[in-house]
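**Q** Quick one, fold the following:
(4 chains)
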There are 2 protein chains.
Amino acid sequence: MNDSDSKPASRRSDATRTAILDAARERFAADGYERATIRAIARDANIDPSMVMRYYGNKEGLFAAAVAIDLQMPDLGAFPRHDVGRALVTHFLDMWEENEVLTALLRVGVTNQAGAERMQGIFRDQLLPTARHVCPDPEQVPTRAALCATQVLGLALTRYVLRLPPVVALVREEIVAWLAPTLQRYLTAPSP
Amino acid sequence: MNDSDSKPASRRSDATRTAILDAARERFAADGYERATIRAIARDANIDPSMVMRYYGNKEGLFAAAVAIDLQMPDLGAFPRHDVGRALVTHFLDMWEENEVLTALLRVGVTNQAGAERMQGIFRDQLLPTARHVCPDPEQVPTRAALCATQVLGLALTRYVLRLPPVVALVREEIVAWLAPTLQRYLTAPSP
DNA sequence: TACGGTTGCCAACAAGTGTTGACCAACAAA
DNA sequence: TTTGTTGGTCAACACTTGTTGGCAACCGTA
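**A** Sure, this is the predicted structure:
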């Protein structure tokens, strides 16, 4: 342990490490925290369960390593003001459909305290700063960003987790057309 | 087992039975399906775990008995057409805050297949028929009801489960003021 | 009184969990 | 070669889970 930062220093076991992370992401996304067992993850990664412990300490450490979220929020200030709602929806749809990690975090956030706190952190560090660039009154930023979160997470919940049939049936363009005005209003409309 | 229906036929053990159900509701709401253990529920109800099995067969039976949801949906046709959005939000806020069962079902729906299917059933049998009374085009009813579900469940998720601070901080009037127009549009506005 | 059913507790089972330590094979540096 | 480090497996640990069957106390009825 001489290189404690900046240099990953490729190890011979890197393949195994990433195999574990991949399997973990998949299992956490499909089963949630409790039902995603270390044994099942190890089986998916074709290694022994004890390797998971060696490389990631314990189950919480594995989860922390597997689920690292970067929303890659765009600069909403760069869009025409009347278009930020649409920009937000499309961005979130992109994120969510290319990346099972978001579903994993949502599932875990519901059953696990640490997961819930992680979601709070992502909201605070990634969504809030973005909203700051479009909201008129800085004092209203948390409220408006929170309202956007309710709508976006509600869509993710019903579409990717609960799978309500009519929500699953919606095509991308419909979602954008319906949700964009909602987010637009939450972000920029005068406070009611 | 001679009275298989209609007459509850009060038993001496009724107090225990309802104590179990109460404890079960609380635990399912707080912990979700997997982490709400029968032992913990029995401890809360001050009885032996084996009693739970005797009265409710198994854990799934207990969940089915504990979580029976009646949304008590109002007849939206009785409201002025421009007011159905507001009526929906206030009704759901009432339901959700007086009744921990809804939070229980939401938590379980995320981690348990049977729970998810139960939510789909509630949507189909209780929300859909209500929406039918306000939507112009019957063909659009599922879509519009589904959109309402995304917003309402998103609020419940972020407020009662994830507890995002700015969502928790919202007072009832703010929620109504912000969400009513959204639901109103999802229900009655012309399809975009 | 005796008796059958109900209510309840206790102890145990089998299975599955996260986690640990002993042990072996391959490799790299000396 | 020898030595030390790394990657990996195996078997077991301590514990928790849902679930079961036996047994004692109580009840209303006959």
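**Q** Nearest the geometric middle of chain A, what residue?
**A** The residue lying closest to the centre of chain A (Cα atoms, centre = their mean) is A:Leu102, at 3.2 Å.
**Q** Thought A:Ile69 was touching that one, still the case?
**A** Yes. Counting by Cβ atoms under 8 Å, A:Leu102 does reach A:Ile69; the two are 6.9 Å apart. C-beta: built from backbone N, CA, C; applies to glycine.
**Q** still on that earlier bit, next up, the contacts around the residue nearest to the centre of chain A.
**A** Neighbour list for A:Leu102: A:69, A:95-96, A:156 [criterion: Cβ atoms under 8 Å, 6 or more residues apart in numbering or on different chains].
**Q** if I look at it, how far off is B:Leu164?
**A** 16 Å (Cβ to Cβ, to the nearest Å).
**Q** Also A:Arg107?
**A** In terms of Cβ to Cβ, A:Arg107 sits 17 Å off from B:Leu164.
**Q** Also A:Ile38?
**A** Taking Cβ to Cβ, one finds A:Ile38 at 30 Å from B:Leu164.
**Q** same check, this time on A:Ile175
**A** In terms of Cβ to Cβ, A:Ile175 sits 22 Å off from B:Leu164.
**Q** Show me which of those two is the more surrounded one.
**A** More neighbours surround B:Leu164 than the other of A:Ile175 and B:Leu164, with 24 against 19 (other Cβ atoms under 10 Å in any protein chain shown).
**Q** Am I right that that one is in contact with A:Ala146?
**A** Yes. At 5.9 Å, B:Leu164 and A:Ala146 qualify as touching, with contact defined as Cβ under 8 Å.
**Q** any common contacting residues for the two?
**A** A:123, B:158.
**Q** Look through chain A and tell me its longest helix.
**A** Secondary structure of chain A read by DSSP state H shows that its longest helix is helix A:14-35.
**Q** Other residues contacting it?
**A** A:11, A:36-37, A:40-42, A:44-47, A:51-52, A:55-56, A:62-63, A:65-67, A:100-101, A:103-104, A:107-108, A:110-112, A:115, B:32, B:34-35, B:110-111.
**Q** same thing but at 6 Å, please
**A** With Cβ atoms under 6 Å, 6 or more residues apart in numbering or on different chains as the test, helix A:14-35 has contacts from A:36, A:40-41, A:44-45, A:47, A:52, A:55, A:62, A:66, A:100-101, A:103-104, A:107-108, A:111-112, B:34, B:111.
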